[in-house]
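Trainee: Quick one: sequence and predicted model below, then my questions.
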Amino acid sequence: MDLRELLNGLDREQLRSLLLKLVEREPSLQETIKEELSRKSAGAQAVDSAVVVDVGGATTTAAGSDGGKSQRVRVDTKAIRRQVYSALHSLDRMSGSEAYYYVGAVLGELGNIVDRAWEFIKADDGRNALAILEAITEEYLDEWEILDGSDGESGEFFNILGSAFTEAILTADLSKEERDGWIKKLDEWQLAVDDYGIEDAFLAAQEAAARGWDYPPLQAILQGRADEADIEDDEDYEEDEEDEDSDYADELTMARLHILERRGQWQQYLNLAKAEGQTEAYTRALVNLGRVEEAVAYATAYLRTAREALGLAQTLREKGRNEESMLIAEHGLMLPNQQIYRLALAKWLREEAAVMGDRERALAAAEIVFHDEVNLANYLRVAELAGEQWPELRPKLLDMARTSGSYLVDGKVDVFLHEGLVDDAIAALGEHPSHTPLEKVVDVAINSHPDWVIKMCRRQAEYIMDNGKSQLYPASARWLSKARQAYMATERAAEWQAYLDEQLKKHARKYSLMPLLKPLR
């Protein structure tokens, strides 16, 4: 029974008692509980039909239905810092090995605090978002090394902060002096984490502060004069020319697009997306604006990947433009692609076309799916969609399975065994098969291929026994029991007995193995 179910079984008084006992054992929980209760209380209060966003006990109220101005409330950054500190030190009483497994939970709690900053960003309140993010970052920088982040999770959190800073800075109406202050602060933080291999966490945010919205080339793009975007910078920008190929250029562009979308500045959105080669964002915006034919024509000419095609196809489908969504999906499958994106697109097209009753498209996509991911589920889906065409398609798919990559062994074995093609299943295993597919084939082949079964099972068992891998002795006994079945199926009981006696003698000193082998006589 999980924790949620256990708590559901408690009444109000039992829950209260449990919380008080937890605070006695872990006093640092007291502030966290108080802040959470305060947040819940504030969230329950609707003011003038407004949306209330609570942060560390402080609230900001968005405009209500009457269109009144938002009421700004300063964020309680001390409460934020206490929450971050409490989360980081929640593992203090655990041993190092135990605490390692809870690092993800701590970072998840910190991520929830970052989410509060995002609530302000989406409400177009960048200043309060920056206040939250600054508090989190400074507290985290002071303490983050206490987390065992050997898998990179604790360092990756700086990238999460950096992305939020980028959008918050662009959302806030900052003066040039304020932006300069943020550049300096972000640079200090970046230098503090550089030595840990975290080389670009705050670079996009620094660029956002340096450029803002008044960067001349950016303004030229937003105003639809992209051909003038390479104009000479003035002296304020001359030292720090933006590198269009930088790792953070796309992050910066997408942050700007998010803000323009939230503010309904669609023409500027389109100008920026088109100029920066954000084809998916550009075409999806056109669809949302009702300019579907324009979107399809542009996408057909400029889409580069199946991932982009999938995003646009989904948008078109949501808008009820079914034929256009199918055309874009089919076009995406013809683009040069990473297989993972092509596979995702083909699966989407297979199912959506089937729902729309377009069996021909669904079947064509299903064949692509099976080609890229040979497994029994995809094989049976082709058979289901093929109907009367299945006898014609079956040999084609089996040939696909025979020639597909070695990394698809499990899927190929399942397909061949489903069709009763044991020889093909054995061939698919290769010279050094992994245990799971090998055992599947062995179980089916005991009667039809007994000599092969005996050879493979003895090899597996002898490797374990000869190398003294005591934790795997039960597995060695299981392999030998399968070998025994093959011996018996060919009426070679005496040969089996001789082999087993030899193994018992050879491994007589392995006392944990003997009780497993003797019952096989």
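Mentor: Yes, it's here.
Trainee: drop to CA atoms for contacts and neighbour counts, all remaining ones
Mentor: Will do.
Trainee: Residue 124: what's it in contact with?
Mentor: Counting by C-alpha atoms under 8 Å, 6 or more residues apart in numbering, residue 124 touches 171-172.
Trainee: can you do 6 Å?
Mentor: By C-alpha atoms under 6 Å, 6 or more residues apart in numbering, no residues touch residue 124.
Trainee: sec struct for it, please.
Mentor: Residue 124 falls in the coil class when you classify it by DSSP: H, G, I helix; E, B strand; the rest coil.
Trainee: Would you quantify the distance from it to residue 172?
Mentor: Distance, residue 124 to residue 172, using C-alpha to C-alpha, to the nearest Å: 8 Å.
Trainee: now swap in residue 371 and tell me
Mentor: Distance, residue 371 to residue 172, by C-alpha to C-alpha: 50 Å.
Trainee: Would you map the helices across the stretch 51-200 of the chain?
Mentor: For the stretch 51-200 of the chain, helices defined by DSSP state H, counting those that start in this stretch occupy the ranges 77-88, 96-100, 103-122, 126-143, 153-171, 176-194.
Trainee: same for the longest one, what does it pack against?
Mentor: Taking 3 or more C-alpha pairs under 6 Å, 6 or more residues apart in numbering; DSSP states H and E as contact, the helices and strands that helix 103-122 lies on are helix 126-143.
Trainee: average pLDDT for the helix it packs on?
Mentor: For helix 126-143, mean pLDDT rounds to 95.
Trainee: ok, now stretch 464-482?
Mentor: Mean per-residue pLDDT for stretch 464-482: 93.
Trainee: what comes up buried for that stretch?
Mentor: 464-465, 473-482 (16 or more other C-alpha atoms under 10 Å).
Trainee: What of stretch 286-306?
Mentor: The neighbour-count check on stretch 286-306 (16+ other C-alpha under 10 Å) flags 286-287, 292, 295-296, 299, 303-306 as buried.
Trainee: And for stretch 268-288?
Mentor: 268-276, 278-287.
Trainee: mind listing what residue 396 touches?
Mentor: Here residue 396 is in contact with no residues (criterion: C-alpha under 6 Å, 6+ apart).
Trainee: For the helix or strand harbouring residue 366, what is the distance to the chain centroid?
Mentor: Per DSSP states H and E: residue 366 is located in helix 359-372. On the basis of C-alpha atoms, centre = their mean, to the nearest Å, helix 359-372 is displaced by 25 Å from the centre of the chain it belongs to.
Trainee: The nearest residue to residue 490 once chain neighbours are set aside: neighbouring residues, count only.
Mentor: In space, and not counting its chain neighbours, residue 490 is closest to residue 450: 7.3 Å by C-alpha to C-alpha, 6 or more residues apart in numbering. By other C-alpha atoms under 10 Å, 21 other residues sit near residue 450.
Trainee: doesn't residue 487 make contact with residue 450?
Mentor: No - using C-alpha atoms under 6 Å, residue 450 is not in contact with residue 487, being 7.1 Å away.
Trainee: what's the spacing between the closest residue to residue 367 other than its chain neighbours and residue 133?
Mentor: Closest residue to residue 367 apart from its sequence neighbours, by C-alpha to C-alpha, 6+ apart: residue 382 at 6.6 Å. Residue 382 is 51 Å from residue 133, where distance means C-alpha to C-alpha.
Trainee: hmm, back to that, which residues outside the helix holding residue 366 are in contact with it?
Mentor: With contact meaning C-alpha under 6 Å, 6+ apart, helix 359-372 is reached by 343, 346, 350, 353-354, 378, 382, 385.
Trainee: for stretch 287-303, same thing?
Mentor: By C-alpha under 6 Å, 6+ apart, the list of residues contacting stretch 287-303 from outside reads 283, 286.
Trainee: ok, now with 8 Å
Mentor: By C-alpha under 8 Å, 6+ apart, the residues outside stretch 287-303 that reach it are 279-280, 282-284, 286, 309, 315-316, 324, 328, 331-332.
Trainee: likewise stretch 439-449?
Mentor: 413, 417, 422, 425-426, 453, 482, 485-486, 489.
Trainee: export those residues to JSON lines and tack on secondary structure?
Mentor: Output for the contacts of stretch 439-449, formatted as JSON lines (three-state DSSP):
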{"residue": "413", "secondary structure": "helix"}
{"residue": "417", "secondary structure": "helix"}
{"residue": "422", "secondary structure": "helix"}
{"residue": "425", "secondary structure": "helix"}
{"residue": "426", "secondary structure": "helix"}
{"residue": "453", "secondary structure": "helix"}
{"residue": "482", "secondary structure": "helix"}
{"residue": "485", "secondary structure": "helix"}
{"residue": "486", "secondary structure": "helix"}
{"residue": "489", "secondary structure": "helix"}
